[in-house]
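Trainee: Below are the sequence and a predicted model for it; my questions follow.
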Amino acid sequence: MRLAPSLHRLGNDIVASYLISTPDGITLVDAGLPGMYADLTREVDAIGRPLDDIRGVILTHGDSDHVGFAERLRRDHGVPVFVHAADADRARGGDKPKNPVGPIRLGPLVSFAAFGLRKGMRPQWLTDVEVIDGDTTLHLPGTPRVISMPGHSPGSIAVFSPEVRAVFVGDALTTRHVLTGRTGPGPAPFTDDPAEAVASLAHIADLDADWVLPGHGPAFRGSPAAAVSAVRQAARA
């Protein structure tokens, strides 16, 4: 799905990942679920690019619904996969905390589970990663800048691309709560440290961007400051 020139989304409002497509190649932010590999091949075909134009995958964190097909790209096409050092073990299938689930509504939960069944909930963990140590700019298409966002997980990051005027936030926030169906910017479920996650939003609030792109929920067309303000308000409610 084309969001803007050089900016595309895979998946849907339940689970999403993103492509930055430039003349120099493609950067993929997150890899959704394993079965979304078919979505990837369709999207790159639609824009007239081969899979070998993908120069790197950046994971916003190491949870299974973001690792998705990254190992397949790494294994079959030699695409490097970047993940923060604090989440590298998680991306390889290491232990993660058992967090409180919180409120649930049956309809959204069933939709999340059904999408997972269609796209493969069984994770394909990474066997090798390129470790990111702290905030940095990667030499990848779109000039992606990595911003530490601990809270949802210790190694959660946001990825800011000034070339497409977008910040990719993973589960630092959500615009559609997968367990309740609540829409609009708000805190994400399954978060290790909710208070730290809200505090980390300050790291993106002043970015000059037109898009805030979460791993779950519709794309937010507006400033990071507006999205952050809405999340903070929802967290206080």
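Mentor: Here it is on my side, so go on. Residues are numbered from 1 along each chain as shown.
Trainee: Is Gly68 in contact with Ala38, as I believe?
Mentor: No: shown here, Gly68 and Ala38 do not form a contact pair, counting by Cβ atoms under 8 Å, at 11.5 Å. Just so you know, the C-beta spots here come from the backbone N, C-alpha and C atoms, and that holds for glycine as well.
Trainee: out of these two, which sits in the more crowded spot?
Mentor: Neighbours were counted for Gly68 and for Ala38 using other Cβ atoms under 10 Å; Gly68 has more, 30 against 12.
Trainee: Now do the same contact list for that one.
Mentor: Residues near Gly68 by Cβ atoms under 8 Å, 6 or more residues apart in numbering: Ser17, Asp30, Ala31, Gly32, Leu33, Pro34, Met36, Tyr37, Pro123, Gln124.
Trainee: surely the second one meets His66?
Mentor: Same thing as Asp30. Yes: counting by Cβ under 8 Å, Asp30 touches His66, with 4.6 Å between them.
Trainee: intersection of neighbour lists for the two?
Mentor: Common contacts of Asp30 and His66 (Cβ under 8 Å, 6+ apart): Ser17, Leu59, Thr60, Gly170, Gly215.
Trainee: check which helix or strand covers the third one.
Mentor: This points to Thr60. For Thr60, there is no helix or strand it lies in under DSSP states H and E.
Trainee: Report how many residues lie close to Pro97.
Mentor: Pro97 has 11 neighbouring residues, counting by other Cβ under 10 Å.
Trainee: What backbone torsions are found at it?
Mentor: Backbone torsions of Pro97, given as degrees, to the nearest 10, read phi -60, psi 150.
Trainee: and Val44, helix, strand or coil?
Mentor: helix (DSSP: H, G, I helix; E, B strand; the rest coil).
Trainee: if I look at it, how far off is Phe69?
Mentor: Going from Val44 to Phe69 by Cβ to Cβ, to the nearest Å gives 13 Å.
Trainee: Could you measure from the spatially closest residue to Ser17 that is not a sequence neighbour over to Ala209?
Mentor: Nearest in space to Ser17, with sequence neighbours left out and distances taken as Cβ to Cβ, 6 or more residues apart in numbering, is Asp30 at 3.9 Å. Going from Asp30 to Ala209 by Cβ to Cβ gives 17 Å.
Trainee: Between these two, tell me which one has more neighbours.
Mentor: Using other Cβ under 10 Å, the more surrounded residue of Asp30 and Ala209 is Asp30, with 29 against 21.
Trainee: quick one, what contacts the more buried one?
Mentor: Contacts of Asp30 were listed using Cβ under 8 Å, 6+ apart, and they are Ala16, Ser17, Tyr18, Val57, Ile58, Leu59, Thr60, His66, Gly68, Phe168, Gly170, Gly215.
Trainee: With Arg232 instead?
Mentor: For Arg232, the contact set (Cβ under 8 Å, 6+ apart) comprises Val198, Leu201.
Trainee: For it, grab phi and psi.
Mentor: phi -60, psi -40.
Trainee: May I ask which helix or strand of this structure has the lowest mean pLDDT?
Mentor: The weakest-scoring helix or strand in the chain, judged by mean pLDDT, DSSP states H and E, is helix 106-119 (a mean of 92).
Trainee: hey, where'd the helices end up in this protein?
Mentor: Here the chain has its helices, by DSSP state H, at 37-46, 64-67, 70-77, 88-91, 106-119, 194-200, 224-236.
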